[in-house]
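Visitor: take this sequence and fold it.
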Amino acid sequence: MKIYLVAGELSGDLLGAALIPALRERYPDAEFRGLGGEKMQAEGLTSLYPLETLSVMGLVEVLKHLPKLLKVRKHLYQDALAWGADLMLGIDAPDFNLGLEKKLRQQGVKTVHYVSPSVWAWRQGRIKGIKQSCDLMLTLLPFEADFYHQHQMHVAFVGHPTADRLPMQPDKTAARQALGLSEQDRVVSLLPGSRGGEVSRLGSGFLKTAQLLQKQNPDLHFLLPAATPARHQQLQELLSLHPVNNLTLLNGQADLALQAADASLLASGTVTLEALFCKCPMVVSYQVAPLTWWLGQFLLKTPWVSLPNLLARKELVTERLQEAATPEQLAKDVQVLLNQPEVAEQQRQAFYQLHQQLQQNASQTAAAAIQELMQAEKPDGQNSPS
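Guide: From the prediction side, this is the model:
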């Protein structure tokens, strides 16, 4: 088995790194090639490009990088065919991967997409192209699988690997000890994103929010996990402009930071699920280029953007987007979680229920669905859902 994997960011690298061993159990002699990060490479992937090659967000932002992205995609397509790939597995990065999957599928390569694009939320017409691109869609969330069933597409709900990895009952005491914090400390975690663009847009505002919170709570401690060495340097530079007392800049360790915290301020994205699994009460914020935001107003089909709210199908956590994401407003929202224990506890109780829902032994479930596809005589993206 020659399996071509393409992941576009840190969350995809984690998914791929968990999936590769599960696939190897079924295909002991499998080879893995494509594009992934350090964790996927540690599991045996030969990566042709750095992970951050595809980490571009927003409609407008992508346009600046389009020529390079198209060149990379053409090279990966040619490389997959020359290598003789049996399976193309695109992990997230839908705008990049679905096009690559479609071209390879036309050449007879089986194709799977892992992590549904937000087609249920906006640009629902994309379902036609998705059905042409992949033989099987693997979804992390149950309502996503429902959408594909409604459109007669081959789909498997596999749950979320992080839900399997993190304990149902986090050990807050151990997390604090590991980070040099005491039981009595009041702690807020700040996670402004894993991409350079996200940190550029959100980082200063998050640090200004911390400054405001500290004026009201001088003893407050802050944890700021940096997703990568590049983000660590970027955040150090922002801290020199917006210094915050009692702040610890971490190398990774987002799980520990979320388990140790009384509340968190997060960028909207997969990190909100991580906070949910860590049972950390949260306020969610996001900002994009003005034109991207303007276009999104016409295309968005859901009242929320954060995953906890989408899963709960109600406003479980506060969202502050675009102009509403001022440091003053964010500080007020975080203060509610710190000063009103009943609000924070209400979030935690809902997080337990959602965690159980997403605990599905994801990597093994995904590998089994892929094996079933590969063994089918006539796989077809148009066939009835399994």
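
Visitor: so how far is Leu235 from Pro161?
Guide: Here Pro161 is placed at a distance of 26 Å from Leu235 (Cβ to Cβ, to the nearest Å). Backbone N, C-alpha and C define where each C-beta goes, glycine included.

Visitor: was I right to think Val283 contacts Thr318?
Guide: Yes: in this structure, Val283 is within contact of Thr318 by Cβ atoms under 8 Å, at 5.0 Å.

Visitor: now do the shared contacts for the two.
Guide: The overlap between the contact sets of Val283 and Thr318 (Cβ atoms under 8 Å, 6 or more residues apart in numbering) consists of Asp333.

Visitor: when these two are compared, which one has more neighbours?
Guide: Neighbour count, other Cβ atoms under 10 Å: between Val283 and Thr318, Val283 has more, with 25 against 21.

Visitor: who's in contact with the residue nearest to that one when sequence neighbours are not counted?
Guide: Leaving aside its chain neighbours, Val283 sits nearest to Asp333 (4.4 Å; criterion: Cβ to Cβ, 6 or more residues apart in numbering). By Cβ under 8 Å, 6+ apart, the residues touching Asp333 are 283, 318, 320.

Visitor: could you redo the last one with a cut-off of 10 Å?
Guide: 209, 263, 265, 282-285, 317-320, 325 (Cβ atoms under 10 Å, 6 or more residues apart in numbering).

Visitor: just the closest of these to Ser182, please.
Guide: Nearest to Ser182 among the contacts of Asp333, counting by Cβ to Cβ, is Ala263 at 17.0 Å.

Visitor: partner residues bridging the closest one?
Guide: Under DSSP bridges, the beta-bridge partners of Ala263 are Val188.

Visitor: that one and Met40, how far apart?
Guide: Distance from Ala263 to Met40, by Cβ to Cβ: 33 Å.

Visitor: what of Trp304?
Guide: From Trp304 to Met40 the distance is 31 Å (Cβ to Cβ).

Visitor: which of those two has more neighbours?
Guide: Met40 (27 against 21).

Visitor: any idea how far that one is from Leu70?
Guide: The gap separating Met40 from Leu70 is 23 Å, by Cβ to Cβ.

Visitor: what's the neighbour count on Glu345?
Guide: So Glu345, with other Cβ under 10 Å, has 11 neighbours.

Visitor: now do the contacts for it.
Guide: Neighbours of Glu345 in contact, by Cβ under 10 Å, 6+ apart: Pro281.

Visitor: now name the helix or strand holding it.
Guide: Glu345 belongs to helix 341-358 when assigned by DSSP states H and E.

Visitor: identify each buried residue in that helix, please.
Guide: Neighbour-count burial for helix 341-358 flags 344, 347, 350-351, 354-355, 358 (criterion: 16 or more other Cβ atoms under 10 Å).

Visitor: now the residue nearest to Val283, what's its secondary structure?
Guide: Here Asp333 is recorded as helix under DSSP: H, G, I helix; E, B strand; the rest coil.

Visitor: can you pull out the low-pLDDT segments for the stretch 151-300 of the chain?
Guide: Within the stretch 151-300 of the chain, the segments meeting pLDDT under 70 span 288-300.

Visitor: would you map the strands across the protein?
Guide: Secondary structure of the chain (DSSP state E): strands at 2-7, 31-35, 45-47, 87-91, 110-114, 136-139, 155-157, 187-191, 221-226, 247-251, 263-267, 282-286, 318-321.

Visitor: what angle do strand 263-267 and the helix holding Glu345 make with each other?
Guide: Put simply, helix 341-358 runs at 60 degrees to strand 263-267, going by axes from the mean of the first three to the mean of the last three Cα atoms, to 10 degrees.

Visitor: CA-only coordinates of helix 341-358 in PDB, if you can.
Guide: Output in PDB follows, covering the C-alpha atoms of helix 341-358 (Å, rounded to 0.1, in the frame of the first residue of the first chain):
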ATOM      1  CA  PRO A 341     -18.800  30.300  39.000                       C
ATOM      2  CA  GLU A 342     -22.200  29.100  38.000                       C
ATOM      3  CA  VAL A 343     -21.600  30.300  34.400                       C
ATOM      4  CA  ALA A 344     -18.300  28.500  34.200                       C
ATOM      5  CA  GLU A 345     -19.800  25.400  35.700                       C
ATOM      6  CA  GLN A 346     -22.600  25.400  33.200                       C
ATOM      7  CA  GLN A 347     -20.100  25.300  30.400                       C
ATOM      8  CA  ARG A 348     -18.100  22.500  32.100                       C
ATOM      9  CA  GLN A 349     -21.200  20.300  32.500                       C
ATOM     10  CA  ALA A 350     -22.000  20.700  28.800                       C
ATOM     11  CA  PHE A 351     -18.400  20.000  27.900                       C
ATOM     12  CA  TYR A 352     -18.600  16.600  29.600                       C
ATOM     13  CA  GLN A 353     -21.600  15.600  27.500                       C
ATOM     14  CA  LEU A 354     -20.000  16.700  24.300                       C
ATOM     15  CA  HIS A 355     -16.700  15.000  25.100                       C
ATOM     16  CA  GLN A 356     -18.600  11.700  25.500                       C
ATOM     17  CA  GLN A 357     -20.300  12.200  22.200                       C
ATOM     18  CA  LEU A 358     -17.000  12.700  20.300                       C
END
